[in-house]
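>>> please work out how this folds:
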Amino acid sequence: MSGSYISVVGAGEADEALYEKAREVGRLVAERGGVVVCGGLSGVMEAAARGASEAGGVAIGILPDGDRRRANQYLSYSVAAGIGEARNLAVVCSGDAVVAVGGEYGTLSEIGFAKKVGRPVVALSSWELGEHVISASSPEEAVATAFEAVRR
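All right, here's what the predicted structure looks like:
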């Protein structure tokens, strides 16, 4: 579904394997005509924005503080929200679906917010929460599942 916004959430620090998964998610979203929304900083957020950017797509970062200079270099647009971790809600509400790649407690909060506001969540090497998330085993499956969830 072209024009969909897919929020990609995950930790601000990512090892090489997780970084590459998130980068691939960003690329695949862009190749489908979607827009990547993320937290705008490093780690999974940077990787997803980088993948989208390298594929000629758009990546929007919603930053926790008021300093746009902290944004990663791959964003097309950044929003200096100035609301700290509460920006996690803005990140998930901005997407039509959420793909969680890895992550720690900040990611868990984003999954919780996504469920609270009715966004489907796809977990890739992330929190296993039973029926509350859809587990994916690859970036391709995660993105295909997210776009399918948006269509429903």
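>>> what residues does residue 57 make contact with?
26, 27, 29, 30, 31, 33, 34, 35, 36, 76 (CB atoms under 8 Å, 6 or more residues apart in numbering). (Each C-beta comes from the backbone N, C-alpha and C, glycine too.)
>>> among those residues, which are in helices?
If you go by DSSP state H, these have 26, 27, 29, 30, 31 in helices.
>>> filter the contacts of residue 57 down to the buried ones.
For the contacts of residue 57, a neighbour count by 16 or more other CB atoms under 10 Å gives the buried set as 26, 27, 29, 30, 34, 35, 36.
>>> in those, find the pair that's most separated.
27 and 35 (13.1 Å; CB to CB).
>>> for these two, list the residues in contact with both.
52, 57.
>>> can you pull out the low-pLDDT segments for the chain?
1-2 (pLDDT under 70).
>>> what about the helices in it?
16-31, 44-54, 87-93, 105-116, 139-151.
>>> out of the ones you listed, which comes closest to residue 128?
helix 105-116 (10.8 Å).
>>> only the buried residues of that closest one, if you could.
Buried-residue list, helix 105-116, by 16+ other CB under 10 Å: 106, 107, 108, 109, 110, 111, 112, 113, 114, 115.
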